[in-house]
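Q: mind folding the following:
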Amino acid sequence: MPKLKTHKGSQKRIGVTGSGKAVRVKAWRGHHLEIKSSRRTRRYAGKAVFGPEHAKQIRRLLPYL
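A: This is a model prediction of the structure:
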């Protein structure tokens, strides 16, 4: 059986928790932070867990996650 290729862009962006849930970094936190309010940047802080509706797609992109 041939090996499956991992999607390298997804590999760099998606992690996994100890319980096996897929996590991502929230968007809009990259740059131009001086013009964004503190309230706004706090909202973008931290990680977000993917919902179950994305599980099939993530499994296809990252078969060895």
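
Q: what about R43, how many residues nearby?
A: R43 has 13 neighbouring residues, counting by other C-beta atoms under 10 Å. (C-beta placed from N, C-alpha, C; glycine too.)

Q: so for stretch 48-64, what gets flagged as buried?
A: Within stretch 48-64, the residues that count as buried by 16 or more other C-beta atoms under 10 Å are I58, L61, L62.

Q: can you pull the contacts of the second one?
A: I take that to be L61. Residues counted as contacts of L61 (C-beta atoms under 8 Å, 6 or more residues apart in numbering) are T6, H7, S10, I14.

Q: so the first one makes contact with P63?
A: Read that as T6. Yes. Counting by C-beta atoms under 8 Å, T6 touches P63, with 6.7 Å between them.

Q: can you map out the strands along this structure?
A: Shown for the chain, the strands assigned by DSSP state E span residues 14-16, 22-25, 47-49.

Q: run through the residues that contact G51.
A: If you count contacts by C-beta under 8 Å, 6+ apart, G51 has none.
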